[in-house]
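Novice: next come a sequence and a model predicted from it.
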Amino acid sequence: MSHEIVHNADEQRYEILVDGVLAGFTEAREHDDKVVVFPHTEVFDQFEGQGLASELVAGALDDVRARGKKVDPICPYVARFIKRHKDYADLLA
């Protein structure tokens, strides 16, 4: 199975595709030129239990870092992910 993380700017979210099929997303709303707010993350039922949410959030945070922005993790999953993965703590707004 191939996994791909895509930044869908039109929908204000990052998506994870499994073999080209949308498996989940994390909303990523550009608050201003410096902060991206993550209010919600969802992996569809048929794709749960495969570690996709973690892969999705890591890919989204890596992209935010590459774009020189910070994050506001309103989503409890994203907040827990950052707390557990200290290498992303520098991204907190």
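Specialist: Looks like it came in fine. Just so it is clear, the structure is predicted and the values come from calculations on it, not from any experiment.
Novice: skipping adjacent residues, who's closest to residue 5 in space?
Specialist: Spatially, and ignoring its direct neighbours in sequence, residue 5 is nearest to residue 59 (3.3 Å; C-beta to C-beta, 6 or more residues apart in numbering). Placement of C-beta: from N, CA and C, glycine included.
Novice: my reading is that the one you found lies in a helix. Confirm?
Specialist: Yes: membership of residue 59 in a helix is supported by DSSP: H, G, I helix; E, B strand; the rest coil.
Novice: separation between residue 70 and residue 30?
Specialist: Going from residue 70 to residue 30 by C-beta to C-beta, to the nearest Å gives 11 Å.
Novice: overlap in contacts of the two?
Specialist: Counting by C-beta atoms under 8 Å, 6 or more residues apart in numbering, the shared contacts of residue 70 and residue 30 are residue 36.
Novice: would you state the helices of the chain in chain order?
Specialist: 52-66, 76-84 (DSSP state H).
Novice: let's have the ones you listed in TSV, adding mean pLDDT, mean neighbour count and distance to residue 22.
Specialist: Converted to TSV, those look like this (pLDDT from 0 to 100; neighbours: other C-beta atoms under 10 Å; distance: least, C-beta to C-beta, whole Å):
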stretch	mean pLDDT	mean neighbour count	distance to residue 22
helix 52-66	98	19	11
helix 76-84	98	16	18
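Novice: any chance of CSV for the ones you listed, columns distance to residue 15?
Specialist: Converted to CSV, those look like this (distance: least, C-beta to C-beta, whole Å):
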stretch, distance to residue 15
helix 52-66, 8
helix 76-84, 15
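Novice: report the central residue of the chain.
Specialist: Residue closest to the average C-alpha location in the chain (C-alpha atoms, centre = their mean): residue 57, at 3.2 Å.
Novice: quick one, what contacts the closest residue to it other than its chain neighbours?
Specialist: Once flanking residues are discounted, residue 57 sits nearest to residue 81: 4.8 Å by C-beta to C-beta, 6+ apart. Contacts here follow C-beta under 8 Å, 6+ apart; on that basis residue 81 touches 54, 57, 58, 61, 73, 88.
Novice: now residue 81: how far from residue 44?
Specialist: Residue 81 is 19 Å from residue 44, by C-beta to C-beta.
Novice: sweet, I'm off.
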